[in-house]
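[1] Pasting a predicted model and its sequence here:
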Amino acid sequence: MSHSPNQPILLTSSLHVDDARKAIAGLVKDLIQETAAIKDPADIETVALDQAINRILAIDLLSPIDVPAADNSAMDGFAFNGKCLDTNAAVISLKVIGTAYAGKPYEGFIGKGECLKIMTGAVMPNGCDTVIPQEFITSNDALAIEFKQDQLKVGENRRFRGEDLQQGKPAIAAGRLLRPSDLGLAASLGIVSLQVKRKLKVAILSSGDELRALGQTLVPGSIYDSNRYSLTGLLNRLNLDIIDCGIVRDDPASLKQAFIEAASKADVLISSGGVSVGEADFTKQIMQELGDVGFWKIAMRPGRPMAFGALKPVPGKSPARKTLFFGLPGNPVAVMVTFYQFVRAALLQFNGANQTEPPLAQAIAEAPIRKKPGRTEFQRAILERKADGKPTVRLTGSQGAGILRSMSEANCFVILGHEQGNIAAGDWVDIALFDGLL
């Protein structure tokens with residue numbers, strides 16, 4: 001079942017991970033529609049091509065040219081008129097009259113019984129529609145070639161003008177999270193700048209009397225705040241603007257004021273800590289005062305307590321947008337897990353991306369994995385390829401929500417579904433890689 005973010009979910013009920021994702025996506029969709037109604041021209045900006053990595057394309061990029069720009073050869077070989085194949089001869093003999101290079105079109109005409117040596121990418125010469133690859137030639141000297149007739153058909157190894165992309169057609173669709181290959185494609189079309197969505201402004205803060213900033217002296221019971229640094233790294237991967245609101249103490253007045261100040265500057269607020277059932281956890285109370293409460297307990301491990309919703313527009317904020325809110329757990333691993341599983345996709349969606357979820361893969365479990373049905377688990381693991389070529393995965397050791405080393409050593413999650421039980425060694429399991437290559 002799914003829940004509207006405007007309908008609070010009690011701490012006594014646990015929300016399925018899939019329903020949590022649906023609830024988040026639903027509210028983000030509503031916020032996008034509200035934001036679109038503002039019609040703020042600053043929501044789109046033009047950036048140089050070399051600055052567009054990990055930005056989200058705002059409008060379709062239309063190709064200004066045909067790709068390829070002319071019919072050309074797909075192979076190194078010899079170009080000729082395919083009518084030469086219309087014969088009963090077992091072997092075709094052709095006279096070589098010249099050479100065509102990429103970037104240097106051959107100006108002459110190729111007649112019957114003639115051919116032209118041609119390089120990959122070279123424009124097809126007049127009178128030619130077929131290319132025999134170099135390796136298919138059985139006899140070759142400077143003046144003539146021979147090849148077996150049954151080795152190819154008319155029109156083979158020829159790329160047509162506009163075959164890959166036609167002028168005026170979309171080369172890259174709006175909503176694309178731009179990757180290196182997209183920048184290369186745009187450059188191949190002569191594009192020097194792109195129109196992209198404005199970067200979301202994301203405010204982050206940590207709450208807790210036990211937290212200390214780096215450089216401060218630890219006293220008994222205190223710990224250094226690591227969550228803002230993890231979140232900063234995660235947000236930088238998405239190329240977003242970050243507003244660091246620091247550490248906030250566990251009292252309602254301080255937390256409320258911090259939320260109001262953050263909402264006045266940011267499109268999204270991410271807090272860590274203060275979302276469990278402890279007496280000093282005020283996030284839920286403040287959310288009910290400042291906005292709409294989403295959900296508060298998810299059937300997952302780690303990361304069970306989590307808040308979600310939207311803060312009402314702050315008076316004087318221009319334009320008057322609501323602020324998307326995530327209240328993440330305080331445990332360092334749970335912060336990163338909930339970000340990967342919920343926040344990342346929501347940020348991409350809110351910023352206009354059309355692909356928000358990273359793809360899943362599968363690998364073989366090296367050792368048994370304990371798992372209770374009734375919750376989704378995200379276990380930190382190392383993916384490797386063994387000598388036999390099969391992908392295998394092993395856990396990084398203890399999976400406690402406070403053991404940040406388990407994230408630092410891992411390169412993927414093992415995702416164990418809601419109804420899954422124990423995993424035996426040799427079983428295939430779902431994995432989600434932390435990093436992509438392209």
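    Structure's in. What do you need? Numbers count the residues shown, from 1 in each chain.

[2] what residue ranges in the stretch 1-150 of the chain score low on pLDDT?
    1-12 (pLDDT under 70).

[3] how about 90 then?
    Along the stretch 1-150 of the chain, segments meeting pLDDT under 90 span 1-15, 35-42, 86-89, 112, 138-142, 150.

[4] what about the helices in it?
    17-38 (DSSP state H, counting those that start in this stretch).

[5] got it, and the stretch 201-350 of the chain?
    Along the stretch 201-350 of the chain, counting by DSSP H, counting those that start in this stretch, helices occupy 227-237, 252-265, 283-290, 332-338, 344-350.

[6] which residues are in contact with the last one?
    Surrounding helix 344-350, the residues in contact under the criterion CB atoms under 8 Å, 6 or more residues apart in numbering are 21, 24-25, 28-29, 31-32, 56, 177, 200, 202, 234-235, 238, 240, 267-268, 324, 326, 355-357. Every C-beta, even on glycine, is put in place using the N, C-alpha and C of the backbone.

[7] Weed out the non-buried ones from these.
    For the contacts of helix 344-350, a burial check counting by 16 or more other CB atoms under 10 Å picks out 21, 24-25, 28, 31, 56, 177, 200, 202, 234-235, 238, 240, 267-268, 324, 326, 356.

[8] neighbours of the closest residue to G309 other than its chain neighbours, just the number please.
    Nearest residue to G309, sequence neighbours excluded (CB to CB, 6 or more residues apart in numbering): G294, at 4.1 Å. Burial of G294 is recorded as 27 neighbouring residues (other CB atoms under 10 Å).

[9] E34 too?
    Each residue near E34 was counted by other CB under 10 Å, and the total is 14.

[10] tell me the contacts of it?
    E34 touches R321, K322, counting by CB under 8 Å, 6+ apart.

[11] Check R158 too.
    Contacts of R158 were listed using CB under 8 Å, 6+ apart, and they are D71, N72, S73, A74, M124, D129, T130, V131.

[12] Just give the nearest non-adjacent residue to the first one, would you?
    I take that to be D71. Spatially, and ignoring its direct neighbours in sequence, D71 is nearest to M124 (4.2 Å; CB to CB, 6+ apart).

[13] Contacts only, for that neighbour.
    A70, D71, N72, S73, A79, I118, V131, R158.

[14] gap between the third one and V131?
    If I follow you right, that is N72. For N72, the distance to V131 equals 10 Å [CB to CB, to the nearest Å].

[15] neighbour count winner among these two?
    Between N72 and V131, counting by other CB under 10 Å, V131 is the more crowded of the two (29 against 23).

[16] still on that earlier bit, show me which of the contacts of R158 is closest to L416.
    Nearest to L416 among the contacts of R158: A74, at 46.4 Å, using CB to CB.

[17] if I look at that closest one, how far off is Q355?
    30 Å.

[18] quick one, strands of the stretch 1-150 of the chain?
    Counting by DSSP state E, counting those that start in this stretch, the stretch 1-150 of the chain has strands at residues 44-48, 61-62, 72-73, 77-80, 91-100, 114-118, 130-133, 139-140, 144-148.

[19] what do you get for the stretch 301-438 of the chain?
    Under DSSP E, counting those that start in this stretch, the stretch 301-438 of the chain gives strands at 307-311, 323-328, 361-365, 376-385, 391-395, 412-416, 428-433.

[20] Just name the most buried of those strands.
    strand 323-328 (a mean of 27; mean count of other CB atoms under 10 Å).

[21] partner strands of that one, parallel or antiparallel?
    Strand 323-328 sits in its sheet next to strand 268-272 (parallel), strand 307-311 (antiparallel), going by DSSP bridges.

[22] now that strand and helix 17-38, what's the angle there?
    Interaxial angle of strand 323-328 relative to helix 17-38 (axes from the mean of the first three to the mean of the last three CA atoms, to 10 degrees): 160 degrees.

[23] what's the distance between strand 323-328 and the middle of its chain?
    Distance of strand 323-328 from its chain centroid, counting by CA atoms, centre = their mean, to the nearest Å, is 21 Å.

[24] Columns distance to D430 on top of the strands of the stretch 1-150 of the chain, output as a markdown table?
    What follows is the strands of the stretch 1-150 of the chain, written out as a markdown table (distance: least, CB to CB, whole Å):
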| stretch | distance to D430 |
| --- | --- |
| strand 44-48 | 36 |
| strand 61-62 | 34 |
| strand 72-73 | 43 |
| strand 77-80 | 46 |
| strand 91-100 | 51 |
| strand 114-118 | 48 |
| strand 130-133 | 43 |
| strand 139-140 | 53 |
| strand 144-148 | 50 |
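
[25] do you know which of these lies nearest H16?
    Each of those has some distance to H16 by CB to CB; the shortest is strand 44-48, at 36.4 Å.

[26] Paired strands for the closest one, with orientation please.
    According to DSSP bridges, strand 44-48 forms sheet pairs with strand 193-197 (antiparallel).

[27] Quick check: buried residues in the strand it pairs with?
    L194, Q195, V196, K197.

[28] ok, the first one touching L57?
    Yes - in this structure L194 lies within contact range of L57 using CB atoms under 8 Å: 6.3 Å.

[29] Between these two, which contacts overlap?
    Counting by CB under 8 Å, 6+ apart, the residues touching both L194 and L57 are L178.
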